[in-house]
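1. Sharing a sequence plus its predicted fold:
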2 protein chains.
Amino acid sequence: MNISQAAKLSGLSVKTVRYYADIKIVEPARDIQSGYRSYSNDDVAKLNFIGKARRFNFSIEECRELLSLYQDKNRSSKEVKKLTLAKIASIDEKLKEFHSLRDELSYLVNCCNGDDRPSCPILDELSK
Amino acid sequence: MNISQAAKLSGLSVKTVRYYADIKIVEPARDIQSGYRSYSNDDVAKLNFIGKARRFNFSIEECRELLSLYQDKNRSSKEVKKLTLAKIASIDEKLKEFHSLRDELSYLVNCCNGDDRPSCPILDELSK
DNA sequence: TATAAAGTCTCCTGTTACTGGAATGTAAAG
DNA sequence: CTTTACATTCCAGTAACAGGAGACTTTATA
């Protein structure tokens, strides 16, 4: 199938699918006549896989790893679990950061009258 | 003072301070002899302000807005509060996303034996 | 005072994961 | 046969810097 079919089936944009071909993560065959990319069902499965992994916040490089583990029928589940645990840990860090940011900002917002006068505790805090 | 002094006082890197000069958010005077950037205390205060706002996850463009509000003695606190509330809302969105990611991933991790056998529910999920 | 070391300058590249657009070629529909 | 839709490559832009090269200035040491 051609690229727009593959894109539709995988839920990705044509641009993205082409990009994945450029960076050699999903390399389709080529139609010799037209030069058009020609995607197999297997290619689409890989695109799907990557799409899901990206939604799980895995980076492209991590997707590459997961994909090669996925294709290696002898891999141990240990390796996959390790990658996933690391991802969870990094998400936890971000969560912590954003939580404390949120708390500080909402504290400041609560202190701020939000009226037409110039006095503003938010700016005061930022300038300290 | 020269750039490394300003960087030290504001807790930013020299590269960052120079970058802020390039994008015209904090533009120091120049020493005519050497061409070196010359920072005033006021410039350092702005750098500090921006550093803090960045740590609060405000983008450079938002910093620009906050800075001009900060310098406008007649601004209303309403405007600042509005910006800050929008920032909180966007942080909340990210928090929600990351929370659900975390939950899904840790669910998968708990399903995975993490042993030397190939069977892996994580990869199974990604390939669905 | 000569020289070396440290600091600064500008300019260019790379980062992440794409998106948008231009110029051009191919395929499908009427 | 022409229009339209889709495809291709290549280049630029995004956010917010970091790293590094090559050249110049200032400061410290011998």
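-> Thanks, I have it. Everything numeric here is computed off the predicted structure, so don't read it as measured data. Numbering: from 1, shown residues only, chains lettered A, B, ... in the order given.

2. The helix or strand of chain A with the lowest mean pLDDT packs against which elements?
-> Within chain A, confidence by mean pLDDT, DSSP states H and E is lowest for helix A:121-126 among all helices and strands, at a mean of 85. Applying 3 or more CB pairs under 8 Å, 6 or more residues apart in numbering or on different chains; DSSP states H and E, we find helix A:121-126 packed against helix A:77-111, helix B:41-55, helix B:60-71, helix B:77-111. Any C-beta I mention is one placed from the backbone N, CA and C, and that applies to glycine too.

3. Relative to the whole chain's centre, how far out is it?
-> 34 Å (CA atoms, centre = their mean, to the nearest Å).

4. who's in contact with it?
-> For helix A:121-126, the external contacting residues (CB atoms under 8 Å, 6 or more residues apart in numbering or on different chains) are A:108-109, A:111-112, B:49, B:52-53, B:56, B:66, B:69-70, B:77, B:80-81, B:84.

5. what do you get if the cut-off is 7 Å, keeping everything else the same?
-> Helix A:121-126 has contacts (CB atoms under 7 Å, 6 or more residues apart in numbering or on different chains) with A:108, A:111-112, B:49, B:52-53, B:66, B:69-70, B:80-81, B:84.

6. follow-up on the earlier one: which one, of the helices and strands packed on helix A:121-126, ends up nearest to residue B:19?
-> helix B:60-71 (9.4 Å; CB to CB).

7. Just checking that closest one against chain A, any contact.
-> Yes - Helix B:60-71 lies within reach of chain A by CB under 7 Å from any CB of the partner chain, at B:66, B:69-70.

8. Are we agreed that residue A:115 is in a strand?
-> No - secondary structure of residue A:115 (DSSP: H, G, I helix; E, B strand; the rest coil): coil, not part of a strand.

9. pLDDT value on the most centrally placed residue in chain A, please?
-> Centroid check for chain A by CA atoms, centre = their mean gives residue A:54 as the closest residue, at 3.4 Å. At residue A:54, the model reports a pLDDT of 93.

10. and if you look at residue A:72?
-> On the pLDDT scale, residue A:72 gets 85.
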